[in-house]
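In: Okay, sequence plus prediction incoming.
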Amino acid sequence: MEANDLATAEKRIQNHISVLETARTHLIPKTPAASVAPVKLVDDIITLTKFLSLAQNLNKQRGNC
């Protein structure tokens with residue numbers, strides 16, 4: 001993966017994570033019983049964060065070859 005491609009991917013993934021985090025903060029319910037909707041957003045935030053980490057690690061491994 002080219003450094004420029006990685007930088008673009010990082011920026012786009014971080015933007016998506018930011019949007020999901022903003023949405024989650026606006027959807028946090030006033031009562032704990034209605035907290036089901038933000039759970040899906042948290043799952044997506046975690047998944048995108050893992051993708052970001054994998055992309056960064058892939059680039060590090062290729063750089064060491």
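Out: In hand now; what should we look at? Numbering: from 1, shown residues only.
In: what comes up buried for stretch 14-23?
Out: 17, 20 (16 or more other Cβ atoms under 10 Å). (C-beta placed from N, C-alpha, C; glycine too.)
In: Give me the contacts around it.
Out: With contacts defined as Cβ atoms under 8 Å, 6 or more residues apart in numbering, stretch 14-23 is touched by 41, 44-45, 48-49, 52.
In: Turn those into CSV, including distance to residue 3, neighbour count and secondary structure.
Out: Formatted as CSV, these follow (distance: Cβ to Cβ, whole Å; neighbours: other Cβ atoms under 10 Å; DSSP: H, G, I helix; E, B strand; the rest coil):
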residue, distance to residue 3, neighbour count, secondary structure
41, 31, 18, helix
44, 27, 15, helix
45, 25, 19, helix
48, 21, 17, helix
49, 21, 13, helix
52, 15, 18, helix
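In: Can you check the pLDDT for residue 13?
Out: The confidence metric pLDDT takes the value 95 at residue 13.
In: Next up, identify which helix or strand it is on.
Out: Element membership for residue 13 (DSSP states H and E) is helix 3-27.
In: center of this protein, which residue is that?
Out: Centroid-nearest residue in the chain, with Cα atoms, centre = their mean: residue 48, separated by 3.1 Å.
In: Could you double-check that that one lies in contact with residue 9?
Out: No - counting by Cβ atoms under 8 Å, residue 48 stays clear of residue 9, with 10.9 Å between them.
In: Could you list every helix and strand in contact with the lowest-mean-pLDDT helix or strand in the chain?
Out: One helix or strand of the chain scores below all others by mean pLDDT, DSSP states H and E: helix 36-64, with a mean of 83. With contacts taken as 3 or more Cβ pairs under 8 Å, 6 or more residues apart in numbering; DSSP states H and E, helix 36-64 sits against helix 3-27.
In: angle of the helix it packs on against helix 36-64?
Out: Helix 3-27 runs at 170 degrees relative to helix 36-64, counting by axes from the mean of the first three to the mean of the last three Cα atoms, to 10 degrees.
In: what's the spacing between helix 3-27 and its chain's center?
Out: Chain-centre distance of helix 3-27: 6 Å, with Cα atoms, centre = their mean, to the nearest Å.
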